[in-house]
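**Student:** Kindly generate the corresponding structure for this input.
(one chain, ligands or ions: 3)
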Amino acid sequence: MWAELLPVGRSSASGGYRRYAWTAADADCRAWFREQAEARGLAYEVDRNGNQWAWLGDPTAGDAVVTGSHLDSVPDGGAFDGPLGVVSSFAALDELRHRGARFTKPLALVNFGDEEGARFGLACVGSRLTAGQLTREQAHRLTDGDGVTLAQAMESAGHDPDAIGPDPERLARIGAFVELHVEQGRALDLTGNAVGVASAIWPHGRWRFDFRGEANHAGTTRLADRRDPMLSYAETVLAARREAELAGAVATFGKISVEPNGVNAIPSLVRGWLDSRAPEQHTLDTVVGGIEKAAREYADAHGIDLDVVRESFTPVVEFDHALRDELARILGTDTGLTVPVLGTGAGHDAGILSGSIPTAMLFVRNPTGVSHSPAESAAEDDCVAGVRALADVLEGLACR
Ligand code: HGY
Ligand code: MN
Ligand code: MN
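**Tutor:** Ligands and ions are numbered 1, 2, ... in the order given. Just a heads-up that it's a prediction; the model follows:
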């Protein structure tokens with residue numbers, strides 16, 4: 001499976017993946033998912049929101065056990081963030097068939113669309129729509145960097161954008177969703193275990209800061225006469241670091257756009273996107289509030305107009321305790337060891353769906369902790385341990 005998937009959407013320049021929602025690379029990933037489903041005799045379908053499903057057993061029977069993740073990537077993402085969960089789902093099914101497992105519940109494998117939000121700015125669009133956390137109208141208004149709307153992008157990829165919306169009937173058929181994911185830090189590595197179970201996801205969000213000044217000549221405009229938005233943006237980046245450090249949170253300006261973007265022009269607009277996350281809501285509020293306050297002071301000092309827009313927000317997620325404990329029990333019984341239960345600062349479809357159905361996550365060790373980078377890695381033995389753990393969990397949940 002990896003041999004087929006690894007070349008798809010890979011940049012030869014960076015070695016990273018550029019699999020953005022509703023692009024050609026995404027279509028190739030989706031074709032791969034469909035082939036894998038059909039090769040295993042699973043019933044393949046695409047839901048109203050463009051998420052792909054592969055069913056073993058009757059989808060309408062209820063209490064289904066579902067596993068999967070996403071295949072899209074951040075700009076120059078690694079090979080494992082998302083695909084490890086999807087590949088492991090198919091591999092776990094193969095393993096269960098090899099074991100002769102007898103399923104008493106329907107099992108589904110899923111690829112959620114547009115998890116990273118790399119193209120349209122909002123993460124987990126497929127699962128948010130399904131869970132009713134994003135309306136059709138809001139989704140239709142999402143636009144990529146070239147001015148293409150999500151609706152147009154869906155349509156050109158052959159998906160009906162008017163069909164999107166909440167899917168409570170589908171969610172009502174699911175008894176449990178388990179997402180396997182490469183860990184995106186080193187917490188698991190530090191415990192010495194290959195596989196762990198998720199406890200919680202930090203609250204997190206994305207804010208757009210628009211600093212508007214005045215374009216002018218870089219050579220002839222006296223410093224005193226400038227309204228340069230880059231200065232207040234730069235000071236805000238430093239303030240974000242300070243606020244996060246003080247609070248034990250994280251804050252990142254990882255994306256910026258500059259107009260007119262000329263080397264010899266003072267910018268008229270600097271737009272920076274802040275991603276911030278913290279262990280608790282009140283800490284996140286303090287950090288983002290502090291960054292915004294500092295940004296306003298800097299903007300005022302330089303004669304800059306500032307707009308701050310919250311583009312997305314995901315509250316803290318506590319994974320279903322009963323399901324989490326069940327996973328830890330199943331894996332602990334198998335290995336005779338205590339399975340680590342870890343929190344994470346990364347967002348996932350399992351987090352979005354946790355408001356509607358019982359969800360849980362398995363993490364596979366990441367030896368360097370690096371993720372959202374071409375350098376992301378996972379050892380083959382650990383990936384195999386992840387597949388075994390997922391197979392054990394699915395057997396425990398769907399074959400009893
Ligand atoms: O950004 C995130 O946390 C995620 O990987 N979508
Ligand atoms: Mn990611
Ligand atoms: Mn992911």
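**Student:** Can you list the low-confidence ranges for the stretch 301-400 of the chain?
**Tutor:** 334-337 (pLDDT under 70).
**Student:** Run through the residues of it sitting next to ligand 1.
**Tutor:** For the stretch 301-400 of the chain, the residues in contact with ligand 1 (C-beta under 6 Å from any ligand atom) are Ala346, Gly347. (Glycine included, C-beta is placed from N, CA and C.)
**Student:** phi, psi of whichever residue of the stretch 301-400 of the chain sits closest to ligand 3?
**Tutor:** Nearest residue of the stretch 301-400 of the chain to ligand 3: His348, at 5.9 Å (C-beta to the ion). Dihedral pair for His348: phi -150, psi 160, per degrees, to the nearest 10.
**Student:** Report the secondary structure element holding the residue nearest to it when sequence neighbours are not counted.
**Tutor:** The shortest distance from His348 to any non-neighbouring residue, by C-beta to C-beta, 6 or more residues apart in numbering, is to Glu179 (5.9 Å). Using DSSP states H and E, Glu179 maps to strand 174-182.
**Student:** what does Ser276 give?
**Tutor:** strand 269-277.
**Student:** Could you pull up the mean pLDDT of that strand?
**Tutor:** Average pLDDT, strand 269-277: 98.
**Student:** For whichever helix or strand comes after that strand, buried residues please.
**Tutor:** For strand 269-277, the following helix or strand on the C-terminal side (DSSP H and E) is helix 281-301. Buried positions in helix 281-301, judged by neighbour count with 16 or more other C-beta atoms under 10 Å: Thr283, Leu284, Thr286, Val287, Val288, Gly290, Ile291, Glu292, Ala294, Ala295, Tyr298, Ala299.
**Student:** Test my guess that the last one contacts Asp305.
**Tutor:** Yes - with contacts counted by C-beta atoms under 8 Å, Ala299 reaches Asp305, the gap being 7.0 Å.
**Student:** list residues touching both of these two?
**Tutor:** Residues touching both Ala299 and Asp305 (C-beta atoms under 8 Å, 6 or more residues apart in numbering): Phe211.
**Student:** where do the helices sit along the protein?
**Tutor:** Using DSSP state H, the helices found in the chain span residues 2-5, 24-39, 83-99, 125-131, 136-141, 150-156, 168-172, 187-191, 229-247, 281-301, 321-335, 349-353, 380-398.
**Student:** For Ala43, state which of the buried residues of helix 281-301 is nearest.
**Tutor:** Distances from Ala43 to the buried residues of helix 281-301, taken as C-beta to C-beta, are shortest for Leu284 (41.5 Å).
**Student:** For ligand 1, what's its nearest residue on the stretch 1-150 of the chain.
**Tutor:** Ala123 (4.6 Å; C-beta to the nearest ligand atom).
**Student:** Without its sequence neighbours, what residue ends up closest to that residue?
**Tutor:** Gly117 (3.7 Å).
**Student:** got a list of what the one you found touches?
**Tutor:** Taking C-beta under 8 Å, 6+ apart as the test, what Gly117 contacts is Ala123, Cys124, Val125, Arg206, Ser312.
**Student:** Who wins on neighbours among these?
**Tutor:** The residue in the contacts of Gly117 with the most neighbours, by other C-beta atoms under 10 Å, is Val125 (33 neighbours).
**Student:** Show me what stretch 289-300 is in contact with.
**Tutor:** Contacts for stretch 289-300 (C-beta under 8 Å, 6+ apart): 207, 209, 211, 229, 231-232, 235-236, 239-240, 243, 251, 274, 276, 304-306, 308.
**Student:** Mind doing that once more with 10 Å?
**Tutor:** For stretch 289-300, contacts defined as C-beta atoms under 10 Å, 6 or more residues apart in numbering pick out 207, 209, 211-213, 227, 229, 231-244, 246-247, 251, 253, 272, 274, 276, 304-308.
**Student:** Show me which of these are buried.
**Tutor:** 207, 209, 211-213, 227, 229, 231-237, 239-240, 243-244, 247, 251, 253, 272, 274, 276, 304, 306, 308.
**Student:** filter those down to the ones near ligand 3?
**Tutor:** Applying C-beta under 5 Å from the ion to the buried ones among the contacts of stretch 289-300, one finds that nothing falls near ligand 3.
**Student:** The lowest-mean-pLDDT helix or strand in the chain vs strand 174-182, what angle?
**Tutor:** Lowest by mean pLDDT, DSSP states H and E among the helices and strands of the chain is helix 321-335, with a mean of 89. Between helix 321-335 and strand 174-182, the angle comes out at 60 degrees (axes from the mean of the first three to the mean of the last three C-alpha atoms, to 10 degrees).
**Student:** Point out the residues in the stretch 101-250 of the chain that sit beside ligand 1.
**Tutor:** Glu115, Glu116, Ala123.
**Student:** and His217, how many neighbours?
**Tutor:** So His217, with other C-beta under 10 Å, has 9 neighbours.
**Student:** can I assume it is in contact with Pro260?
**Tutor:** No - counting by C-beta atoms under 10 Å, His217 does not reach Pro260; the two are 11.9 Å apart.
**Student:** Common neighbours of these two, please.
**Tutor:** Residues touching both His217 and Pro260 (C-beta under 10 Å, 6+ apart): Ile266.
**Student:** where in the protein is pLDDT low?
**Tutor:** For the chain, the ranges with pLDDT under 70 are 334-337.
**Student:** domains of it?
**Tutor:** 2-202+316-398, 205-314 (automatic domain parsing).
**Student:** which of those is buried the deepest?
**Tutor:** Ranked by mean neighbour count, the domains of the chain are led by domain 2-202+316-398 with a mean of 20 (mean count of other C-beta atoms under 10 Å).
**Student:** That one: end-to-end distance?
**Tutor:** Domain 2-202+316-398 has an end-to-end distance of 26 Å (criterion: C-alpha to C-alpha, to the nearest Å).
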